[in-house]
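J.: Kindly return the folded structure for what I paste below:
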Amino acid sequence: MNTVLITGANRSIGLETAKQLSEKGLFVYLGSRDLAKGEAIVKELSEQGFQNIQAIEIDVTNPESISAAKSIVENEKGKLDILINNAGILGVNPQTATDTAVEDIKKVFETNFFGVISVTQAFLDLLKKSDNPRISNITSGLGSLTLHSDPKWKYYQVKAAAYGPSKTALNAYTIVLAYELKDLNFKVNVIDPGYTATDFNHHSGPGSVESAADFIIKHTVTDENAPTGQFFSNDIEDEAGISPW
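T.: As a prediction, this is how the structure comes out:
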């Protein structure tokens, strides 16, 4: 049974991804900053018939928390097959380039960018013990420089000086990571689940969490012929779903 860790999985897209992966027979570590909240969610899921889901405390901005989570996975499973870096924050609103405080921008980067790097580096040796390791970094269409530069893009007017750049940086890091791991059977991609109705955006998005999670899984649970170092988006209206950088 393959093992997956999903950060920020106690609600919304992360939670739905955990549920769908459980139904596919994977063992899921449901990452939550607050262990009690995570355990409460897992209890509810168990009562609904979901199996092989375990809450794990992990704050991606806290090195001690990451190290403790890694020790749990290592002691219980010995390896990790899939890492889904889903935890993210939006930050303050509005986010103008001229007025947003540097500290507010740093806070968003701490979770959305540096947190992903910290978790990835910590779990890399466990992923290397998998036959088919996968790393999926959850991004956003707001991280695409190409789309943001196109006045014809449907979300062209949506600019966020902290959140958008944090995802652009994540995209760039993923390209480098995928390149470095390309000879080790890794598949490393950034995945935009699309503009989804969640607590994150006050349920303003048109997409469903079910569709978002299905898209993430489609480009995460893949075979050896799948691409690596790619940017997939659920908002791109073609079969491949490949987004411009």
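J.: now the chain, which segments are flagged as low pLDDT?
T.: Along the chain, segments meeting pLDDT under 70 span 197-206.
J.: and after the longest helix seen in it, which helix or strand comes next?
T.: The helix that spans the most residues within the chain, counting by DSSP state H, is helix 163-181. Downstream of helix 163-181, the next assigned helix or strand under DSSP states H and E is strand 187-192.
J.: counting contacts, what elements does that following strand pack onto?
T.: Counting contacts by 3 or more CB pairs under 8 Å, 6 or more residues apart in numbering; DSSP states H and E, strand 187-192 is packed against strand 134-138, helix 163-181, strand 231-233. C-beta: built from backbone N, CA, C; applies to glycine.
J.: follow-up on the earlier one: and the contacts of the longest helix of the chain?
T.: Residues outside helix 163-181 that contact it (CB atoms under 8 Å, 6 or more residues apart in numbering): 89-91, 95, 105, 108-109, 112-113, 116-117, 120, 133, 135, 137, 139-140, 142-145, 148, 186, 188-190, 228-229, 231, 245.
J.: which of these count as buried?
T.: 89-91, 95, 105, 108-109, 112-113, 116-117, 120, 133, 135, 137, 139-140, 142-144, 148, 186, 188-190, 228-229, 231 (16 or more other CB atoms under 10 Å).
J.: bridging residues for residue 231?
T.: residue 190 (DSSP bridges).
J.: Tell me the spacing between it and residue 212.
T.: Distance of residue 231 to residue 212, computed by CB to CB, to the nearest Å: 16 Å.
J.: which ones are touching the spatially most central residue of the chain?
T.: Centroid-nearest residue in the chain, with CA atoms, centre = their mean: residue 86, separated by 2.4 Å. Contact analysis of residue 86 by CB under 8 Å, 6+ apart lists 6, 7, 8, 9, 13, 14, 17, 31, 138.
J.: Buried among these? Need that as a selection in ChimeraX.
T.: To isolate the buried members of the contacts of residue 86 in ChimeraX, using 16+ other CB under 10 Å:
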select :6,7,8,9,13,14,17,31,138
